[in-house]
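Asker: Sequence first, predicted coordinates after that:
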Amino acid sequence: MSSTVNAVNAGNIHSVENLVATDLPDGYWLEAFPFSTTIGPRPDLVGYGLGTANQRSDIKLFQNLNSTSSSGWKKTVIQQLQFPVAITYADLTRNGFNDIIVCDNYGPNMDDLWGPDRHGGRVQWLQNPGTKDTNSHWVARYIGESTGMHRLLAGHFTRSDVTEVLAFPVIPGSSQRNSPVDVILYTAVYGGDPSNGPNSWSKSVPFLATFHLIHDVKLLKGMNNARDMVLIASREGAVALWADVTGGGVVWKERVIGTGLPQSENNPYWGSGSVDFARVNNDDVGYIVTCEAFHGNIVSVYVKDNNTAPTGGESLKDSSCEWKRVQIDDFGPLSAQHTGTIHHVASIKDRTENIESFAVACIGAPSDKLDNQGVYMYSPIDLARGKFRKVKVSHASAARLAISGFTNPDVTDIASISYYVPGYHTGPDPPSVRVNKLHPISVTSLGKEALLRVPRPTLIPRGKVPSMPMITIAGWRLTLKVLHPSVVVELGPKGGVKVIYGSIFLLDGNEEFTQYRTIAPGPKEVSTTKFPSHDAKGRVKAGTKGAIILHVEPIDGKSQGPYNKMSDITTENVFPVLDVPVNVKSMKFPFTKVENLDWGRENFKDFEFYNMTGFYVYFDDEAMDQVVHIQAWTLGLGETARFHNHSDKAFCEVHHCLSNGAEKAGMRYFRDDDAEPVDKELELTKAYVESKSKLLIVPSMYEHGPLWKIQDGHVARPQLRSNGTADYPWHAWLSSEFGDHALPIKPPLEENQQRYDLWLAFEFPITAFRY
């Protein structure tokens, strides 16, 4: 296990991992690439490895085919280069298509860098042909060169009329780890026709021999008086760079935000190795995250010392704004070469989050320490004290992260590429590119049932409502939703809502949220789950601890009952194809006749009694507490589900009726003090049932409250048997016209006579009813 400092390890997040490519010879760089400058299409990916002295690297465009009509990724080789390192992009031809800017000819490693004689550290731009399916390589055009070129940023640093490229070598020559490098600015120079792109580039050196071992750079777009500024990770630490153009000229400035990991004896690497910034509410630079140092093992954040500090880029430029470094994680001791496992850090840009999270890419060093390989996500718990929740998103080796909505613009994905560099680190697995979907609700298969893991309502941002369509049953669609405390959502006037955790309020006739609902009505009572008829918007307000609800929505054009044949009660898996694993999307949820189930063969021969399983809902955290288990049942007219008392299973059950076939069906229950065994013959007769039990009719879109025995002084807390099960009286669902037909009914009722009941069973853990 990694030795966590302020990171609370919450285990693995059950994200959907989709492979983009597996047939890769190596791996190093990955970039989210918007092929077009127009807003709308989901970004593609550009990825590649470093190659070798004998094998050029294929620069690969992974076309994003994910849409409602198709899915997946298509690989196109757009160039072949020797030792390419980093890319950035900009529309250099001003035609609406982004061109790629790349540095190559790096050399085999830091101790064998290519110099000027081999055009070492060359910077080029690859012209976008305007189509993704070209058979030709993108045309490469020269920008400049400098030995050890390692990172690039395109933006508007001193001018707004043309693109500028800041270029950052890592070291100035082979093995020169203690020598500073020049930061170079290339400025595009255009001829008569801008659509041809720049015909040359002017070169200047904003920072001459100033920084050491620059390993990562981040663009802060428009945060310097509408110009762009930069954060770098170097031996100097996390450093902000910007151009001051307010006086008419250009004055480049720098400010060390934090010095990072302190220098130690014999270790050439200190300071920072990767850096990014994350938003806190309306402050786009709310905190800074770094990994330390060069290929290091430390994760740290920098937080502002007070709430009155400047925001955005000003907080980086203003020397009065103090930043406090807090170390939050440590992946263990470094190797003999003073390197570790973290190669890249990236914030997760999400406007719906109050405080953004971040992720780190771990290459997997040492290779026998599995916890040091993969992608980890850190979410703030208490930012001021540097407390974060840590979850593992992917187990595969990761060199770089690309974060965007690749499959759904409303859901954040983390794409990553393996760190696979022959001669340095290759790891146990072949290199790949994959996308991990960070849907807040994850779904996996559990035998014939689906397991949904949901966030606790208090942990989701107020502006976000995690939602997961699950299934259609007959004419109903069931969708799970998680509501932050006190949040209000509009679900539309049709159907209703079943609470499975927490509580909600609905509007009364005075437009006030006073109609209170929780996971069950009062004991031996029924209550509607419909939206109030006077609310045309179907508004729901979550209670003080939030809520998890099942939105039960009628499907237009389909019958919501009564049903006179089982072929009318069909089911369809409606889990979104892009949000769940393939095996979940392929799951079927059929109704099975109970006489064909092991437990039902003896007592339900020739009964029109059917069961559909089902769904487990758990909280997706270390405790992984169960929320509920959901299944569905149908029962033919005049029949019984037979009396039972759950003496062998510990749960508390509530039934929600979707269709009360002939309107007189519901739950029958014995008196609490009637503990005599049920007569298995007589329970099929009307006289016995009516003498022993009481009927609680559950109309369509109603649910019933507790039937179990309740502890004195409590509303719903169950009495427990010695084996820990809830102490139930005998009870069962009986359909309308029970006792009007001898059971089993032979021959079965004709379709024009039959009226099936359809209901959902919610099996809650006993601890859900502590009140």
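Answerer: That came through fine. Source: prediction; values computed, not measured.
Asker: got a list of what the closest residue to residue 76 other than its chain neighbours touches?
Answerer: Closest residue to residue 76 apart from its sequence neighbours, by C-beta to C-beta, 6 or more residues apart in numbering: residue 61 at 4.6 Å. Any C-beta I mention is one placed from the backbone N, CA and C, and that applies to glycine too. Each residue near residue 61 by C-beta atoms under 8 Å, 6 or more residues apart in numbering is listed here: 33, 35, 44, 45, 46, 75, 76, 77, 78, 132.
Asker: Tell me where this protein is predicted with low confidence.
Answerer: Judged against pLDDT under 70, the low-scoring parts of the chain cover residues 1-14, 39-41, 67-71, 351-352, 622.
Asker: what comes up buried for the longest helix along it?
Answerer: Criterion DSSP state H: the longest helix present in the chain is helix 686-692. For helix 686-692, the neighbour count (16 or more other C-beta atoms under 10 Å) marks 689, 692 as buried.
Asker: before we move on, what about stretch 171-189?
Answerer: 171-172, 174, 176, 180-188.
Asker: With distance to residue 275 and secondary structure added, can I get these in CSV?
Answerer: Listed next are the buried residues of stretch 171-189 as CSV, based on distance: C-beta to C-beta, whole Å; DSSP: H, G, I helix; E, B strand; the rest coil:
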residue, distance to residue 275, secondary structure
171, 18, coil
172, 21, coil
174, 26, coil
176, 23, coil
180, 18, coil
181, 17, strand
182, 20, strand
183, 15, strand
184, 20, strand
185, 20, strand
186, 22, strand
187, 25, strand
188, 26, strand
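Asker: okay, how far is it across stretch 88-104, tip to tip?
Answerer: End-to-end span of stretch 88-104 (C-alpha to C-alpha, to the nearest Å): 13 Å.
Asker: Now it: buried residues?
Answerer: Those would be 88-93, 95, 97-104, for stretch 88-104 by 16+ other C-beta under 10 Å.
Asker: For the residue most central in space within the chain, list the residues it contacts.
Answerer: With distances taken as C-alpha atoms, centre = their mean, the residue of the chain nearest its centroid is residue 438 (1.4 Å). Residues in contact with residue 438, defined by C-beta under 8 Å, 6+ apart, are 13, 15, 348, 377, 393, 411, 412, 413, 414.
Asker: Nearest to residue 620 among those?
Answerer: residue 13 (7.0 Å; C-beta to C-beta).
Asker: all strands in the stretch 451-600 of the chain, in order from the N-terminus.
Answerer: 467-473, 476-483, 488-490, 496-507, 513-517, 526-528, 539-554, 571-573, 592-593 (DSSP state E, counting those that start in this stretch).
Asker: Likewise for the stretch 301-450 of the chain?
Answerer: Under DSSP E, counting those that start in this stretch, the stretch 301-450 of the chain gives strands at 323-330, 342-347, 358-363, 373-382, 387-394, 400-404, 413-417, 433-437, 442-446, 449-454.
Asker: contacting residues for the residue lying closest to residue 146 once chain neighbours are set aside?
Answerer: Counting by C-beta to C-beta, 6+ apart, residue 146 lies nearest to residue 121, which is 4.6 Å off, once chain neighbours are set aside. With contact taken as C-beta under 8 Å, 6+ apart, residue 121 is in contact with 103, 105, 106, 113, 114, 145, 146, 147, 148, 149, 169.
Asker: Buried ones among the residues you listed?
Answerer: Here, 16+ other C-beta under 10 Å leaves 103, 105, 106, 113, 114, 145, 146, 147, 148, 149, 169 buried among the contacts of residue 121.
Asker: Now for residue 440: which residues touch it?
Answerer: Taking C-beta under 8 Å, 6+ apart as the test, what residue 440 contacts is 454, 455, 460, 464, 466, 482.
Asker: same question, residue 627
Answerer: 454, 500, 501, 548, 617, 618, 619, 764, 765, 768.
Asker: Now render the strands of the stretch 301-450 of the chain as TSV, adding mean neighbour count and distance to residue 292.
Answerer: What follows is the strands of the stretch 301-450 of the chain, written out as TSV (neighbours: other C-beta atoms under 10 Å; distance: least, C-beta to C-beta, whole Å):
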stretch	mean neighbour count	distance to residue 292
strand 323-330	18	8
strand 342-347	26	8
strand 358-363	27	11
strand 373-382	22	14
strand 387-394	21	16
strand 400-404	23	17
strand 413-417	28	20
strand 433-437	23	25
strand 442-446	18	31
strand 449-454	20	33
